[in-house]
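Asker: would you be able to build a 3D model of this:
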Amino acid sequence: MLQLSGLTWTVTIAFIVLLLAVDLALAAARPHRVGFREASLWSIFYILVAVGFGVWLWSAHGGEFGTEYFAGYIVEKSLSVDNLFVFVIIMTTFAVPEEHQHKVLTFGIVLALLMRAAFIAVGATLLALFSFMFLLFGLLLIFTAVQLFRHRDEDPDIENNVVVRTARRILPLTDDYVGGRILTKVDGRRVATPLFVVLVAIGGVDLLFALDSIPAVFGVTEEPYIVFTANAFALLGLRALFFLVKGLLDRLVYLSTGLALILAFIGVKLILHWAHVDLDDRVPEIPTPVSLGVIVVVLVVVTVASLIKTRRDPSARAHAGSLRAHPNRPDDHRE
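Answerer: A predicted model of the protein is given here:
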């Protein structure tokens, strides 16, 4: 078991909060269109930070925990790319001006971190108290994988989301973004701007992704510290990654299929772990290095196959995937 002091937790959380504060400050102080060069530099920075943390964890606490962290980070990073699909759909659906997308994404990442921190605390407690939770988490991941594979050629219907519809119905809204404000005053009355609805939509998406990603990363490690940091460092780079690859997302036509395979694999891993602990210790378990190798191979194959497919068929377009069926709109919400 990973032995950590309260000081280590405090310093880690303070460092993550500092990075988020810098992101928020930049978004608020200088709203602007994030270009390719800026997005590339920020992406490289966050990847180096994540790798540097993994190297420290490896050297300070051993290769086993280091391997678990890198496996968890890669799982979360791959799942976060699917987040980007949905973020693109939300930005396009609500016509968010480019100069305000930085702020929207940063707030979205803060919401995602808060939700996932709560899910991690609950998940870790449940796993510590009830070993059959590994079975439930495994079944949840397999169900999610099957649904994602079945609806891999669809996109989430943001406009018809019950939370978004409710917000539109009960809140007085302005017609424009009013300089990127969330709330403003019109004729002395406080009203919301469309940016508030966008944040509601992103918050709902973050909640759904947390339901999948937290069990997935618990499939490669049972350490709450590693689960939290793998999530945090994967999400911190999400804003820069959005601006870096949003023009390339349409080409990842097999990403949803690859993510479905990864979720199903981790689900099987969790069920085998439960059977090994609760039923018979002769039931084999899947080692973390094997999990890491499978995840990397699936992502590489999916990426290469997607690029080959779109080169041969330029009309092929990727979709985020959906957990339930709904009629596709003629416009895929892409620009």
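
Asker: any idea which helix or strand comes after the strand or helix carrying Phe242?
Answerer: Per DSSP states H and E, Phe242 falls inside helix 238-245. Going down the chain from helix 238-245, the next helix or strand is helix 255-274, by DSSP H and E.

Asker: tell me which residues of whichever helix or strand comes after that following helix come out buried.
Answerer: For helix 255-274, the following helix or strand on the C-terminal side (DSSP H and E) is helix 288-312. Going by neighbour count (16 or more other Cβ atoms under 10 Å), the buried part of helix 288-312 is Thr288, Ser291, Leu292, Val294, Ile295, Val298, Leu299, Val302, Ser306, Lys309, Thr310. For glycine as for every other residue, the C-beta is placed from the backbone atoms N, C-alpha and C.

Asker: relative to Met133, how far out is the most centrally placed residue in the chain?
Answerer: By Cα atoms, centre = their mean, the chain has its centre lying nearest to Ser80, at 3.2 Å. Separation of Ser80 from Met133 (Cβ to Cβ, to the nearest Å) stands at 24 Å.

Asker: could you check the pLDDT of Ile47?
Answerer: On the pLDDT scale, Ile47 is placed at 90.

Asker: and for it, the neighbour number?
Answerer: By other Cβ atoms under 10 Å, 16 other residues sit near Ile47.

Asker: of all the residues in the helix or strand hosting it, which ones are buried?
Answerer: Element membership for Ile47, per DSSP H and E: helix 36-61. Across helix 36-61, burial judged by 16+ other Cβ under 10 Å covers Ala39, Trp42, Ser43, Tyr46, Ile47, Val49, Ala50, Phe53, Gly54, Leu57, Trp58, His61.

Asker: quick check: nearest residue in space to the fourth one, chain neighbours excluded?
Answerer: Right, Tyr46. Closest residue to Tyr46 apart from its sequence neighbours, by Cβ to Cβ, 6 or more residues apart in numbering: Gly237 at 3.3 Å.

Asker: just flag the most distant two among the buried residues of helix 36-61.
Answerer: Ala39 and His61 (32.7 Å; Cβ to Cβ).

Asker: where does the prediction get shaky in this structure?
Answerer: In the predicted model, the chain carries pLDDT under 70 at residues 27-34, 156-165, 167-168, 173, 175, 180, 246-248, 320-335.

Asker: hang on, the earlier thing: isn't the residue nearest to the centre of the chain right up against Phe233?
Answerer: No - if you go by Cβ atoms under 8 Å, Ser80 and Phe233 don't touch, sitting 10.5 Å apart.

Asker: pull the number of nearby residues for Val178.
Answerer: 17.

Asker: contact partners for it?
Answerer: For Val178, the contacting residues are Thr184, Thr193, by Cβ atoms under 8 Å, 6 or more residues apart in numbering.

Asker: hang on, the residue nearest to the centre of the chain is in a helix, isn't it?
Answerer: Yes - under DSSP: H, G, I helix; E, B strand; the rest coil, Ser80 sits within a helix.

Asker: quick check: next helix or strand after the helix or strand encompassing Ile120?
Answerer: For Ile120, the enclosing helix or strand under DSSP H and E is helix 98-129. Remark: after helix 98-129, the chain's next helix or strand is helix 133-150, criterion DSSP H and E.

Asker: buried residues in that next one?
Answerer: Of the residues in helix 133-150, those with enough neighbours to count as buried (16+ other Cβ under 10 Å) are 133-135, 137-138, 140-142, 144-145, 147-149.
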